[in-house]
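J.: What would the 3D arrangement of this be:
(2 chains)
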Amino acid sequence: MTKKPPVKPDAKAKPEEKAPEKKVDKPAESTIDTTRQAVPFNTGNIPGPKMARAVMPAVSGKMLAKAKRPLLIVGSQVHDADVLAKVVAIGKAGIQIAAVGDAYTSLGDKGIDVHYANLHALASYLCDPNWPGLDGKGNYDLVVFFGITYYYASQAISALKNFSNTKVVSLDKYYHPNAYMSFGNLKRDVFLGALDEVIKELPKK
Amino acid sequence: MTIKKGSFVIEGLENVQINIGKVVGQGQEIEGPTPRPEIISLRNWDYRILDRYNPVYTPTGDTCDYCTYGKCDLTGNKEGACGIDLEGQSAREALRISIMGAACHSAHGRHLLNYLIRKYGEDYPIDVGPSNLKAPLTETIMGVTPKTIGDFLPVLEYVEEQLTQLTAAINTGQEGAAIDFESKALHAGMLDLLGMEVADIIQISCLNLPKAEENTPLAEIGMGILDPKKPVVICVGHNIAAPAYILDHMDRNGLFDKIEIAGLCCTAHDMTRYKKTAKIIGSMSKELKYIRSGIPDVLVTDEQCVRADILREAKKLQIPVIATNEKITYGLPDRSNDPVDAIVEDLASGKNEGALILDLEKVGEVVPKLAMKIGPIRKAKGITALPDDEEFKKLVSKCTKCLQCTRDCPQSLPISDAMAAAVGGDLSKFEELHDRCVGCGRCDYSCPADIPVLNVIEKASQRVIREEKGKVRIGRGQIGDPEIREEGRNLVLGTTPGVLAFVGCGNYPDGTKDVYDVVEEMLRRSYIIISSGCSAMDIGMYKDTEGKTLYERYPGRFIKGNLLNTGSCVSNAHIAATTIKVASIFAGRKTKGNWEEIADYVLNRVGAVGIAWGAYSQKAFAIGTGCNRLGIPVVVGPHGTKYRRAFIGKPYRKDKWNVLDARDGSVINVEPAPEHLMITAETKNELMPLLAKLCFRPSDNSLGRAIKLTHYIELSEKYMKKMPDDWHIYVRNEADLPLAKKEQLMKLLEEKGWKIDWDKKKIMEGPLRKVDVSFQPTNVPRLCKEVKK
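T.: Residues are numbered from 1 along each chain as shown, chains lettered A, B, ... in the order given. So this is what the prediction gives:
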C-alpha cells in the first residue's frame, strides 16, 4: 500500500477560519472577542464529544465573582511581568491562588493569598469532596486557571472534568477543550486585555 | 545420590537411555509465601498501597472504542455499552500500557536468551560480578537462584504466561473494577522488572559486559564526535546481538581506524559495554536529527525506540537500512540466506533500499563491507537533508508566523520567533531550540509553507552541533554486594539523603540541560545518583567551566555523592534490584518468593526515588509501575500526565498513614513518607524539593531525618523561594531539626502552636509521633511478632 501524502494546512488560510462553529456567549458591549479560534491549541488534543464552551471574558469574570469559594491556579508561565500583574490583581480582589510548578517564586512576595501546590496532586485533591482545601476551609466550587504548561494543564483538568463536580473555567491564552468554559487561542495583547475584563467583574477590595 | 542433568544408560538395559533435563529445586529453598506469583497472588499488597496512594486518572480521551458496541462516550465517568466507566477504562489503559512495556523488555530478553543459548549453551554460567545475590528480582519473584543462563528459561516462560493472562483481562467482558486493573498493572510492572533483569544478566554474563565495575571507562557521546569523512555506521535501538557481530568483525579486520561506528539510544550503551572503543551519538531525540545530517552511511536497526519512518527517511538520503530483528522488518526483503557480496552490491548500487538479515553473523560481515563501499560514494555526492546557506535564507523568510508548527510541537517551541531572528542573521534562538527540540519532525508535516522545519533548526545549529562532545561512564551493570554492605546502613537510617535514579527517555519539557542541572545539584548534596538509558546519556552531554562532564567530576561507586550508570534500558532492573539487595544484605531479609516483605521494607525504609523526567514510552511506564509495586516512588516530567494515571497520596487523610510496629503490632500514625508513589512536576525547580521530600521514610533516624530536612528546606528556599508548607510534619523531636537552623525552626514551630522548652531547647508538645530508634514500620500484619488488637 502506498503511503498517503500528508494533508497540510492551507498556507493561505488563517487558523481562525478553520475553527468550527461553537455555541458562544457574547455580551453585547465587550471590546475583546475571546471566542475566536476555539480549537485545541495542541492540534491533536481532542478529548471527545464534550469540549469547552468558548466565552467572552465578562462571562468568566461574572462566574468568578459569583463563586462561593473560587480558586485560581497559575503555573510556570506567569513569570512575565504583564501576566504576573494580572495574577496579582486577581489575588488582590480576594481570590485565593494555588501557585503550581514554580509560579510561587514570582508570587510569594506580593501580599496575596497564595499557596504552593503540585498540580497533579491538586487535581486529585479537588476531586475529593472531603479535601480541606489549601487553607483548611474546605474544597472549592469553581476553579479558574491560566499560565500553566498547556498540555500539563489540559491533562490535569481532564481529571476534574470527568471525576469531580467542580467547574473549571480556563482564563488561559489557549483554548482548553477539557474546561467547562474557555477562551479561544489568543494573541498576547488580546489575552492581557481579556484578563483585564475578567478583573473588572471582580468585587473591589 | 545426587541427580545431575545429562544422559546415561543403565547397565544391563542396553536399549534404555535416561535423559535428565532440568533438576528442579536442587539447592533451592523457598523463603516467602509467593514464589511465581499469579496475577492475584500479591493483590493484598497492591490493595494496601492503592488504599494509600490512590490512582488519579487524567484521560487523554473520554471515549472507548475497544469493541464494536462503541465508540462509547464515557465523559463524566459515564458507563459504556459494556458496563465499563471512564475510571475502569482509564485503569484498563494503565494495564494495557504496562503490559506493552513489559512485553517489550521481556521479548528483548527472550530474543537474547534464545540467541545466547544457541551460541553458548544452556549451561553457560551467570557471572555478574562480586555478588552472592546475583539475580535479586528473579529470586524475589520466582523463589529460585539461577546459576546458568538456561535457568532463565522457566523465568521467561513464567513472564510470558503471566502477560498472556493479563492481556486476557483487558478484553471486553473481562475485568471491570479499576482497582483490580491497577493491581494487574502493578503485576505487569513487576514482570517488566523481571524481564529486564533476565535480559541484562545474560548479556553481562555471555558477552562479558562490565560486571558491577565501579569506575568503568568513559565513552564519547554527542552529535559532533564522529569524523564524517570516514564511512559511518550507526546502530539504532536496544539489542546488542547484531551490533556485537559488527564490532567483532571490525576488530578482527582492524577496521576501527577506517570506519566510524556509533549507536543511537540504548544499543549505544551496550555497544560501549561490549567494546569500549564504540561511541554514542545520543538518545532517541537525536535519531531523526542525525539521519537528516546525512552523516550515516549505513543504518542498522534492531528493536525498540526505532522511528517508524526510519526507512523512508534513510531512502531520501540513500542510506541503506539493515534490519536485524524479527519485530521490526519494514517490508524489507529477507536476505538472510543470500551471499554477503550480493547483498552488499544490491544495497550499494541502490537496487534495494534495505535488507532484513536475521543471520547476525552475516550482519557482522555485510555492514562494514557495505560501509566501506557506499561511504565514499555518498561522501562524494555530499548527500544531506540540510539546506545550504542560500536555501536556508529563503526558507526562513517563507515563515508566515501562523504558529501551526508550535501547535503541533510536543514542546510548543517558539519556532516562528527563531525564524524571524534568523531572517536578520541571528541564529541563537535556533541554537536554543536544538537542545529543547525532541527531534520528532511533526513540524515538517504541519508547516503550510512547506518549510522543512527540523532541517532548518539543525542547519542553524551547526556550530553547537560541532561542539556537542561529551563523556558518559560506560554502563557498569549491577551494584556489587560489597558496595551494598558499605552503604546500606546509611541509606536505611537516612544519613545518606537518598538514592535518585534518573532513568528513561528524552521527552523533556524544557531540554536536556535540565537533567544535567538537577543531577549536578543533587550530587553536590551527596545524594547517590544512579542513571541508565537515555538519561544517562544526557547527563554526560554538558561540561563545567573547566570542560569536565559530571562523569569526569564524580566517581561511580555506590556511596553518597557518586554518579553511577548501570547501562541500557534493561539495566534499569539493577536499580530496582539494588533496593532488594539493601533489604537482603544489610537487613538480612529473606528474598526467595518473598516480594511483599521486601517491598514493604523498601517502602518504609529505603529512601530511593526514580525520576523519568523525559519518559515517553510504554516501557518507561511499565518500569515506573514495577518500581511502585516494589515500594519505590517515581516522579515523571509534565508529559507524564499523558500516561493518564498516577498514584498520589493524600497527606490530609491521617487515617491513610498508619503503619504497624512489627515488634508488637501496635498501630502508629506516621508522617506521609513517602508522600506519593507516582506523580509529575511541571519544572525542574519544582522537581528538586519534591525529590528531597520523597526520600523521607518512617525509619529515618534523627541524624538522617535532619539531613533530609536540611535538603528539603534548602532546595525549596533556593528553587521555590519559600519554606515548604509541610516541613514541620516531618519533625518528630528537636534532634530531627537541621543543626544550623535549629533555633529559627523551633521559633517557627512555636508559632504553629508547638510547645518549646527554651531552657532545654526541647520540643515538649506538637509532633505527630516521637522518634523510636527501634521502630520497625511495616504495612503487612503477618510480619508483626505479636498483633495487638
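
J.: can you map out the helices along the stretch 201-350 of chain B?
T.: For the stretch 201-350 of chain B, the helices defined by DSSP state H, counting those that start in this stretch cover B:241-252, B:266-274, B:287-293, B:310-316, B:340-348.

J.: What's the mean pLDDT across the last one?
T.: Meaning helix B:340-348. Helix B:340-348 shows a mean pLDDT of 98.

J.: Show residues contacting it.
T.: When contacts are defined by Cβ atoms under 8 Å, 6 or more residues apart in numbering or on different chains, helix B:340-348 is touched by residues B:320, B:322, B:335, B:351-352, B:354-355, B:357, B:362, B:365-366, B:369-370, B:373-374, B:377. Just so you know, the C-beta spots here come from the backbone N, C-alpha and C atoms, and that holds for glycine as well.

J.: I'd guessed B:Cys447 sits against B:Gln404; true?
T.: Yes - applying Cβ atoms under 8 Å, one finds B:Cys447 in contact with B:Gln404, separated by 6.6 Å.

J.: if we can go back for a sec, so which pair among the contacts of helix B:340-348 is furthest apart in space?
T.: Spatial extent of those (Cβ to Cβ) is set by the pair B:Lys362 and B:Ile377 at 22.0 Å.

J.: Look at these two and report which has more neighbours.
T.: B:Lys362 (22 against 15; other Cβ atoms under 10 Å in any protein chain shown).

J.: any idea how far the more buried one lies from B:Gln203?
T.: 21 Å (Cβ to Cβ, to the nearest Å).

J.: can you count the residues close to B:Pro482?
T.: B:Pro482 sits with 16 neighbouring residues when counted by other Cβ under 10 Å.

J.: dump the residue contacts of the residue nearest in space to the middle of chain A.
T.: Nearest residue to the geometric centre of chain A (Cα atoms, centre = their mean): A:Ser170, 2.1 Å. When contacts are counted by Cβ under 8 Å, 6+ apart, A:Ser170 touches A:52, A:144-146, A:153, A:157, A:176, A:179, A:181-183.

J.: what does B:Ile451 give?
T.: Neighbouring residues of B:Ile451 by Cβ under 8 Å, 6+ apart: B:395-396, B:398-399, B:419, B:444.

J.: Compare those residues and tell me which is most surrounded.
T.: Within the contacts of B:Ile451, most neighbours by other Cβ under 10 Å means B:Met419, with 25 neighbours.

J.: Going along the chain from the helix or strand encompassing it, find the next helix or strand for me.
T.: Using DSSP states H and E, the element containing B:Met419 is helix B:415-423. Using DSSP H and E, the helix or strand that directly follows helix B:415-423 along the chain is helix B:428-436.

J.: Could you check how far the residue nearest to the centre of chain A is from chain B?
T.: Distance from A:Ser170 to chain B, counting by Cβ to the nearest Cβ, to the nearest Å: 16 Å.

J.: And that residue, how far from B:Arg524?
T.: Taken as Cβ to Cβ, the span from A:Ser170 to B:Arg524 is 39 Å.

J.: And A:Ile157, by the same measure?
T.: Distance of A:Ile157 to B:Arg524, computed by Cβ to Cβ: 37 Å.

J.: Which neighbouring residues are in contact with B:Trp758, exactly?
T.: B:Met746.

J.: per-residue pLDDT, it?
T.: So, for B:Trp758, pLDDT stands at 97.

J.: What are the phi and psi values at it?
T.: Torsion angles at B:Trp758 (phi, psi; degrees, to the nearest 10) stand at phi -70, psi -20.

J.: Now do B:Leu413 against chain A, distance only.
T.: Distance of B:Leu413 to chain A, given as Cβ to the nearest Cβ: 12 Å.

J.: Sitting in helices, which of the contacts of helix B:340-348 do you find?
T.: Among the contacts of helix B:340-348, the members found in helices (DSSP state H) are B:362, B:365-366, B:369-370, B:373-374, B:377.

J.: Provide a list of residue ranges in chain A with pLDDT below threshold.
T.: For chain A, applying pLDDT under 70 flags the ranges A:1-30, A:205.

J.: rerun at 90
T.: A:1-31, A:204-205 (pLDDT under 90).

J.: in it, which spans are strands?
T.: Secondary structure of chain A (DSSP state E): strands located at A:24-25, A:53-55, A:70-74, A:96-99, A:114-116, A:142-146, A:167-170, A:181-182.

J.: Can you tell me which helices and strands the third one packs against?
T.: Spelled out, that is strand A:70-74. helix A:81-92, strand A:96-99, strand A:142-146 (3 or more Cβ pairs under 8 Å, 6 or more residues apart in numbering or on different chains; DSSP states H and E).

J.: Including mean neighbour count, could the ones you listed go into a markdown table?
T.: Below are those laid out as a markdown table (neighbours: other Cβ atoms under 10 Å in any protein chain shown):
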| stretch | mean neighbour count |
| --- | --- |
| helix A:81-92 | 18 |
| strand A:96-99 | 24 |
| strand A:142-146 | 24 |
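
J.: Include distance to B:Arg732 when you put those into CSV, please.
T.: Output for the helices and strands packed on strand A:70-74, formatted as CSV (distance: least, Cβ to Cβ, whole Å):
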stretch, distance to B:Arg732
helix A:81-92, 35
strand A:96-99, 29
strand A:142-146, 35
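
J.: per-domain residue ranges of chain B.
T.: Structural domains assigned to chain B are B:58-207, B:218-381, B:389-466, B:470-723, following automatic domain parsing.

J.: picking that back up, now, of the ones in helices among the contacts of helix B:340-348, which are buried?
T.: Buried by 16 or more other Cβ atoms under 10 Å in any protein chain shown: B:362, B:365-366, B:369-370, B:373-374, out of the ones in helices among the contacts of helix B:340-348.

J.: Also near chain A: which of the ones in helices among the contacts of helix B:340-348, exactly?
T.: Applying Cβ under 8 Å from any Cβ of the partner chain to the ones in helices among the contacts of helix B:340-348, one finds that nothing falls near chain A.

J.: Just send the residues you listed back as TSV, with pLDDT too.
T.: Shown next, in TSV, are these (pLDDT from 0 to 100):
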residue	pLDDT
B:Lys362	98
B:Glu365	98
B:Val366	98
B:Lys369	98
B:Leu370	98
B:Lys373	98
B:Ile374	98
B:Ile377	97
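
J.: closest to chain A among those residues?
T.: For the ones in helices among the contacts of helix B:340-348, the minimum distance to chain A (Cβ to the nearest Cβ) is 24.9 Å, reached by B:Ile374.

J.: Thanks a lot, see you next time.
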